[in-house]
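[1] Here's a sequence, model it:
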Amino acid sequence: MQVKCLIVCLALGLLMLATPICEARRGRGRGRTKSRVQIGLPITGKYRDPESDQYYNNNNGAKILQASHFDLEYVLGHKIAFLCVAKGNPRPHITWYKDGAEIYQHLYMHVHEWRIGDDKVKSKIEIDPATQMDAGLYECTADNMYSIDRRSFKTDFSIAFD
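    You can find the predicted model right below:
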């Protein structure tokens, strides 16, 4: 009896070893690796060499301190205004873009810029009167020799009935 039981136990053990174990996974798994480190990024979150760390984390880099709201719905025929305030040393230069292309001042679009102290600049763009063609994605970019910072503003129009 013991021999039969031993043979059955061995057979079951071999059967269990021979069959692959399948585990169901929910969601997006990490695949075969258990590493949580992304390729190309240092484990510490800092840059690999001190020169890169000092360059990209420079306190004098351009930083946008204040910007207009992200999503703006404007009324056709009225004024649109966007604001961007940046700080850095040397003082950053602010450039405006619409749908990825640099925009310049013209008859219905005015760009105002004020220098504040030695390290700040305030820029305001005004469009008056606003038309359907003014809808789009606007971007304020502040840059100096150390870094670039940018903010985007999405606009769309509405029609006001009097």
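[2] Just the C-alphas of the top strand by length along the chain, formatted as PDB.
    Criterion DSSP state E: the longest strand present in the chain is strand 148-158. The C-alpha trace of strand 148-158 is given here as PDB (Å, rounded to 0.1, in the frame of the first residue of the first chain):
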ATOM      1  CA  ILE A 148      13.900  77.600 -21.600                       C
ATOM      2  CA  ASP A 149      10.400  77.700 -20.100                       C
ATOM      3  CA  ARG A 150       7.100  77.700 -21.900                       C
ATOM      4  CA  ARG A 151       3.400  78.000 -21.200                       C
ATOM      5  CA  SER A 152       0.500  77.200 -23.600                       C
ATOM      6  CA  PHE A 153      -2.900  78.800 -23.900                       C
ATOM      7  CA  LYS A 154      -5.700  77.300 -25.900                       C
ATOM      8  CA  THR A 155      -8.400  79.600 -27.400                       C
ATOM      9  CA  ASP A 156     -11.700  79.200 -29.100                       C
ATOM     10  CA  PHE A 157     -14.400  81.600 -30.000                       C
ATOM     11  CA  SER A 158     -18.000  82.000 -29.100                       C
END
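[3] Parallel or antiparallel, list what pairs with that strand.
    Strand 148-158 has the following strand partners under DSSP bridges: strand 71-75 (parallel), strand 136-143 (antiparallel).
[4] Point out the most buried one among these.
    Comparing the strands paired with strand 148-158 by mean neighbour count (mean count of other CB atoms under 10 Å), strand 136-143 comes out on top with a mean of 20. Placement of C-beta: from N, CA and C, glycine included.
[5] Listing request: residues of the protein with sub-threshold pLDDT.
    Applying pLDDT under 70 to the chain flags the ranges 1-47, 55-56, 161-162.
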